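Enquirer: Fold the following and give me the result.
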Amino acid sequence: MQISIYPIAIVNNNRKAIEDDNWGSIISTIELAENINESSLKGINEFSHLEIVFYFDKVADDNIQFEARYPRNNKEYPKVGIFAQRGKNRPNKLGVTIVELLEINNKKLIVKGLDAIDGTPIIDIKPVMKEFLPKGEVKQPNWSTSLMDRYWNS
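Expert: Sure thing, here's the model as predicted:
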């Protein structure tokens, strides 16, 4: 099976280097690609949050993880598989984040809290709807709470 995916937009922000923490105050501009019509954003301003699917294009193929590992190489955390964590070294290099929509300006979305560096290709943009959020309590292990402690700091 062959799948064709192409970027629909690009990220512009002041984060140039790959870093793990302090994404909370990052303001990004998501600019639609030239071949994507501005009307594709019609009505998106009615949503407070968007789900952004992006491609970790700076991750080298030889860094892809297929086996269990310590998250952030921290041996204080248990070894877990790549699908039990949100690390960037994933087999298909896809990231997903829910962001706050601040503003729309023609073919540009201004968002807060996108944990993607400048120049990152955007694969898809979806509105966040309450009906797609988890039903009931969200459960996660203590190590993941510890790992995320500084992730959204400003």
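Enquirer: Any stretches of the chain with poor pLDDT?
Expert: Residue ranges of the chain with pLDDT under 70: 21-24, 154.
Enquirer: what's the single longest strand in it?
Expert: strand 94-105 (DSSP state E).
Enquirer: list the buried ones in that one?
Expert: Burial within strand 94-105, assessed by neighbour count using 16 or more other C-beta atoms under 10 Å, is assigned to 95, 97, 99, 101. Heads up, the C-betas are built off the backbone N, CA and C, glycines and all.
Enquirer: how about the second one, what does it touch?
Expert: So that's Thr97. 51-52, 54, 113-116 (C-beta atoms under 8 Å, 6 or more residues apart in numbering).
Enquirer: Partner strands of the longest strand of the chain, with direction?
Expert: strand 49-55 (antiparallel), strand 108-112 (antiparallel) (DSSP bridges).
Enquirer: In CSV, please show the C-alpha coordinates belonging to the last one.
Expert: These are the backbone C-alpha positions of strand 108-112, laid out as CSV (Å, rounded to 0.1, in the frame of the first residue of the first chain):
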residue,chain,number,x,y,z
LYS,A,108,-2.2,32.4,8.3
LEU,A,109,-3.3,31.0,11.7
ILE,A,110,-1.7,32.5,14.8
VAL,A,111,-1.7,29.8,17.5
LYS,A,112,-0.3,29.3,21.0
